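K.L.:
Fold the stuff below for me.
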Amino acid sequence: MSTFRRKRLRPGKTLPNNVMPIRRSEWAAEEVNRPRNKGIYLLPNAFTTANLFCGFFAIVQAMNNRFEMAAIAIFFALVMDGMDGRVARMTNTQSAFGEQYDSLTDMVSFGVAPALVAYEWVLKDLGKWGWLAAFAYCAGAALRLARFNTNIGVVDKRFFQGLPSPAAASLIAGFVWLAIDNKLPVKELYIPWVMFALTIYAGITMVSNAMFYSGKALDVRYRAPFGVMILVILGFVLVSSDPPVALFGLFVAYALSGYIFWVWQKISLPKGKASDILSDS
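P.N.:
Residues are numbered from 1 along each chain as shown. All right, here's what the predicted structure looks like:
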């Protein structure tokens, strides 16, 4: 019997048909298990690093009483956080290192930074209630990220269990930006307490069981209806016309959507089916 000699084929070549099936499967397994070029993993991690920089920059700006810049930096961190995940999925460069790095970065940008910005801005005027609210938000972000990491591959990818930490951070940053631009119909005396309530709400909602739409079902690599493009253009026009008002309104609506969806399930779906959906989430 002639011996089989394994050869590595060049790109674009196919395995000869006279190769034994068992050898063909071994060759395919070897090709699949071969590690990818590590250099490509720099691409999504570069966006994660930019996210971390924005979170750190927000903290520094808050320490220097530049709260508007701090709020804008948190929104930039939100953009970078969305980009690193999309880029990793589109280039098939997901890795365990990237997941851990992204989680730690999110804790800084969407957990610590918003809490410190809110505290340095007005919560410190409330004394111990102020730093307790800031800590409640920070702890909620940490618990939210820990639960998300342990539930990967278990929950429905179409929904988040609890308010995502980037959305919670944008809720805090949007309120700060809106108030500094004097576009908030709230008396200055009441602003610390409104910030207190908003911070507590965001912290509790992050660890709740309410389901929030994730948007991961949308794939930009495939065709979309023409109407979707029109909505995207209208969204850009709306945000660019008045960013503080548009962004804060958008994230307030999103922060309430989970509870609205929960109430809708309770009312419109049968009791057994609704409980099954909630338990699966």
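K.L.:
where does the stretch 101-250 of the chain have low pLDDT?
P.N.:
By pLDDT under 70, the weakly predicted segments of the stretch 101-250 of the chain are 152-156, 216-226, 228.
K.L.:
please redo it, this time with the cut-off set to 50
P.N.:
Within the stretch 101-250 of the chain, no stretch has pLDDT under 50.
K.L.:
Tell me where it has helices.
P.N.:
Ranges of helices within the stretch 101-250 of the chain are 113-121, 128-150, 165-180, 191-206, 226-241, 243-268, based on DSSP state H, counting those that start in this stretch.
K.L.:
Of those, which is nearest Y41?
P.N.:
Closest approach to Y41 among the helices of the stretch 101-250 of the chain (Cβ to Cβ): helix 128-150, 19.0 Å. In this view, the C-beta of every residue, glycine as well, is placed from N, C-alpha and C.
K.L.:
Who are the packing partners of that closest one?
P.N.:
If contacts are counted by 3 or more Cβ pairs under 8 Å, 6 or more residues apart in numbering; DSSP states H and E, helix 128-150 sits against helix 96-107, helix 113-121, strand 159-161, helix 165-180, helix 191-206.
K.L.:
between these, which gets nearest to C54?
P.N.:
Going by Cβ to Cβ, the one of the helices and strands packed on helix 128-150 nearest C54 is helix 113-121, 8.4 Å.
K.L.:
how about the residue sitting nearest the centre point of the chain, what does it touch?
P.N.:
In the chain, the centroid-proximal residue (Cα atoms, centre = their mean) is P166; its distance is 5.0 Å. Taking Cβ atoms under 8 Å, 6 or more residues apart in numbering, we find P166 in contact with A77, L78, D81, G82, D106, S109, F110.
K.L.:
didn't the second one look like it was pressed against I172?
P.N.:
Which is L78. No: with contact defined as Cβ atoms under 8 Å, L78 does not count as touching I172 (11.6 Å).
K.L.:
more neighbours, these two?
P.N.:
I172 (26 against 23; other Cβ atoms under 10 Å).
K.L.:
Identify the residues contacting the more buried one.
P.N.:
By Cβ under 8 Å, 6+ apart, the neighbours of I172 are I74, P114, A115, V117, A118, Y137, M195, L198, T199, A202.
K.L.:
give me that answer again for 6 Å
P.N.:
P114, A118 (Cβ atoms under 6 Å, 6 or more residues apart in numbering).
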